[in-house]
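My questions are about this predicted structure, shown below with the sequence.
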Amino acid sequence: MKTAGHAALVALLFLSTFLASALSSTPDYAAIGRETVTALSQQKWSTVEARFDARLKAGLPQDRLSAAWIQITAQAGPFGHIIGINVNEKEGYHVALVTCAFARANLDAKVVIDTEGQIAGLFFVPSVAGASSVQPDYSAIGRETVSALAHGQFEAVESRFDDRMKAGLPQSRLSAVWQQITSQSGDFEHIIGINVSEMDGYHVALVTCAFAHGNLDAKVVIDTEGHIAGLFFVPSATNAAPAANM
């Protein structure tokens, strides 16, 4: 025979499950904004279009989306990196304002997202905020740095360095050190996880990476403006492997 306490416990578990389900169904608007800009920068038009609502799919198909991106980069220069993201709500939609650094200017990508996670609007406008006024996403900077290294995009990594790092670790040296790392640890496979900590006024994104012969931790040291002030690869506590310093 069920007791009142048992019934209350069942009800509590049901409520917890319901709330967890409701929370998990809420779109991550910042992530959608980031993924949209990243896909555009990688020219993955079908990936971006797949997230459009019906009206935007009709008005901005892949060929027009590609042409618009070409026009943007022709004016602002090659895409560099995402500086930061702010999300606000307007007229029943969420707008992910993704501040982006291009070679010649900073632009804000306004990604308008409905409650189902579909993109209902996409605009690029001159950034109203300087890079210093946008809170850097330290975790994302760590992820993007490792991803760029893995794809041989050394210019993109160097563009994020502060002046001291640019002088000490130009593209040629950066490429050579990455080759040294992969010769010791094998091919890069994937990112396992990221932890961010604060140290002496800097943020350190610890990016745990799986290589073919073991795991390494990339320590990406980032200042308050989002510049990389240090970059090191060390054996990961999860699986020691040969170290290489950058």
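Okay, I see it.

Could you look up the SS state of the most centrally placed residue in the chain?
Nearest to the geometric centre of the chain sits residue 140, at 3.9 Å (CA atoms, centre = their mean). For residue 140, the assignment made with DSSP: H, G, I helix; E, B strand; the rest coil gives helix.

wait, what's in contact with it?
Shown in contact with residue 140 (CB atoms under 8 Å, 6 or more residues apart in numbering): 34, 82. (Glycine included, C-beta is placed from N, CA and C.)

Do I have it right that residue 66 meets residue 43?
Yes - using CB atoms under 8 Å, residue 66 is in contact with residue 43, at 7.3 Å.

coming back round to it: quick one: the residue nearest to the centre of the chain from residue 75, how far?
From residue 140 over to residue 75 the distance is 25 Å, taken as CB to CB, to the nearest Å.

likewise residue 97?
The gap separating residue 97 from residue 75 is 19 Å, by CB to CB.

likewise residue 124?
Separation of residue 124 from residue 75 (CB to CB): 10 Å.

before we move on, what about residue 183?
40 Å.

now residue 150
Counting by CB to CB, the gap from residue 150 to residue 75 is 29 Å.

Next: residue 165.
Counting by CB to CB - residue 165 and residue 75 are separated by 28 Å.

of these two, who's got more company?
Between residue 165 and residue 75, counting by other CB atoms under 10 Å, residue 165 is the more crowded of the two (20 against 12).

thinking the more buried one is in contact with residue 228, fair?
Yes - counting by CB under 8 Å, residue 165 touches residue 228, with 6.0 Å between them.

tally of neighbours for residue 142?
Residue 142 has 26 neighbours, counted by other CB under 10 Å.
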